[in-house]
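Asker: Quick one: sequence plus predicted model below, questions after.
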Amino acid sequence: MKKVNWGIIGLGKIANKFAEDLSATRTAQLYAVASRSSENALSFAEKHGAKAGYGSYEQIMQDEKVDVIYIATPHVFHHELTVQCLKNGKAILCEKPFAMNIKEAREMIKLSRKEGVFLMEALWTRFLPHFQLVMDKVQSGEMGKIKSLKADFGFKAEFDKSKRLFNKDLGGGSLLDIGIYPVFLAYSLLGKPDKIEAKARFTETNVDASCDIRFNYNDGVQAELFSTLLEKTPTTGEIELEKGKIFLNSRFHEPTSVRITSEGNEETFDFGVKTRGYNFEAEHVTKMLQQGKTESDIWPLDKTLGLMELLDAIREQIGLEY
Ligand SMILES: NC(=O)c1ccc[n+]([C@@H]2O[C@H](COP(=O)([O-])OP(=O)(O)OC[C@H]3O[C@@H](n4cnc5c(N)ncnc54)[C@H](OP(=O)(O)O)[C@@H]3O)[C@@H](O)[C@H]2O)c1
């Protein structure tokens, strides 16, 4: 079968990691990359073996040989770039958070469905083997129902007003950057909460430095979720079920191991992933395209919308508007 030709827009930190993992797949190849700067595009293309390095984002959208584009710019540009790419018939894998708010997300999804062009949020954790094991364990019901869930994600980021993480104009703040992972974990395993409580600490640039979230479910189940840019935290997930506990070891959003304790037994599952883990989502997108699908059957667009709604609801509680 013909290899799927990938393109990348926005050649920053995550684009580099993604490109490395793409080379570990057998069904896909990096074909072209696009940057705001020709110099950056050419050196990135050379480093990762791409055939073309474009000095503008528009050029890659017009390259007929490019099958799918990975959008790896700051969040605030996801909507506009996705719209432009879809209009040019390009399938899209768009970095998380998918958009800045539900309005943008709905527009992107509507267009993908209208044009019949593939679109997926790059929620890569959903495609990792340890996460699939956790989903399977919980959904099988063998450990009973979930009683509570806790997850955190924190690292210390040097404060810099101009940088993506702290700059409000670039969609800064902990929630959309890393808080999305604890929220995703609770949403995937427990569904949408009946009530959300959230509070945040703000930076002088008016984005959330930390965000403390509680999801309450009518059956009494609670999820405690936390994100911060102020300090390193364990970055683990802990799920208490009727018949035991599941621990997603640090850092739970990337390839890691899972420990399960149940009825006096303890078992650790290690998956020996040798890459950073981005190849799993890339392989999935490639497979969907080869099958002629216009959305993922594992992380479909309705799930992306549901996650976006939760992020919007949390932002409303903490008073953060973009
Ligand atoms: N899945 C993951 O594990 C993961 C990890 C980190 C980040 N992310 C997501 O990926 C996206 C990018 O994050 P990153 O850490 O890679 O960011 P980054 O290092 O700042 O790179 C972003 C790139 O976007 C392009 N860009 C376009 N307009 C820009 C502007 N006005 N200011 C700054 N950059 C601009 C730049 O590329 P050119 O100069 O080449 O055009 C820049 O290098 C974010 O949405 C983030 O949430 C995902």
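Answerer: Nice, I can see it. Numbering: from 1, shown residues only.
Asker: so who does the nearest residue to residue 93 once chain neighbours are set aside touch?
Answerer: Spatial nearest neighbour of residue 93, excluding adjacent residues (C-beta to C-beta, 6 or more residues apart in numbering): residue 70 at 4.7 Å. The C-beta positions use only the backbone N, C-alpha and C, and glycine is treated the same way. Under the criterion of C-beta atoms under 8 Å, 6 or more residues apart in numbering, the neighbours of residue 70 are 6-9, 15, 18, 92-95, 122, 282.
Asker: Name the member of those with the most neighbours.
Answerer: Compared across those, residue 8 has the highest neighbour count, 31 neighbours, by other C-beta atoms under 10 Å.
Asker: and it, that one's in a helix?
Answerer: No - counting by DSSP: H, G, I helix; E, B strand; the rest coil, residue 8 is located in no helix; its state is strand.
Asker: list the contacts for it?
Answerer: Applying C-beta under 8 Å, 6+ apart to residue 8 gives the contacts 15, 18-19, 30, 32-34, 44, 50, 69-70, 72.
Asker: Pull the contacting residues for residue 276.
Answerer: Taking C-beta under 8 Å, 6+ apart, one finds 17, 20-21, 254-255 in contact with residue 276.
Asker: let's go with 7 Å and repeat that
Answerer: Contacts for residue 276 (C-beta atoms under 7 Å, 6 or more residues apart in numbering) come out as 17, 20-21.
Asker: What of residue 286?
Answerer: 4, 25, 27-28 are the contacts of residue 286 under C-beta under 7 Å, 6+ apart.
Asker: give me phi/psi at residue 26?
Answerer: phi -100, psi -20 (degrees, to the nearest 10).
Asker: hmm, back to that, can you tell me which of the contacts of residue 8 are in helices?
Answerer: Using DSSP state H, the members of these that fall in helices are 15, 18-19, 44.
Asker: Of these, which is the nearest to the ligand?
Answerer: Nearest to the ligand out of these is residue 15 (C-beta to the nearest ligand atom; 6.0 Å).
Asker: My guess is that closest one contacts residue 72. True?
Answerer: Yes - with contact defined as C-beta atoms under 7 Å, residue 15 reaches residue 72; the gap is 4.1 Å.
Asker: re earlier: so which of the contacts of residue 8 also contact the ligand?
Answerer: Here is what survives when the contacts of residue 8 are matched to the ligand using C-beta under 6 Å from any ligand atom: 15, 72.
Asker: Just give me the closest of the contacts of residue 70 to the ligand.
Answerer: Using C-beta to the nearest ligand atom, those come closest to the ligand at residue 95, 3.7 Å.
Asker: which residue sits closest to that closest one, ignoring its sequence neighbours?
Answerer: Spatial nearest neighbour of residue 95, excluding adjacent residues (C-beta to C-beta, 6+ apart): residue 122 at 4.9 Å.
Asker: tally of neighbours for residue 278?
Answerer: By other C-beta under 10 Å, 25 other residues sit near residue 278.
Asker: Excluding residues flanking it in the chain, which one is nearest it?
Answerer: residue 21 (3.8 Å).
Asker: is it true that the one you found lies in a helix?
Answerer: Yes - counting by three-state DSSP, one finds residue 21 located in a helix.
Asker: Stretch 112-124 spans what distance, first to last residue?
Answerer: 20 Å (C-alpha to C-alpha, to the nearest Å).
Asker: got the contact list for it?
Answerer: Contacts of stretch 112-124 (C-beta under 7 Å, 6+ apart): 82, 86, 89, 91-96, 98, 108-109, 184, 277-278, 280-281, 285, 288-289, 293-296, 299, 301, 304.
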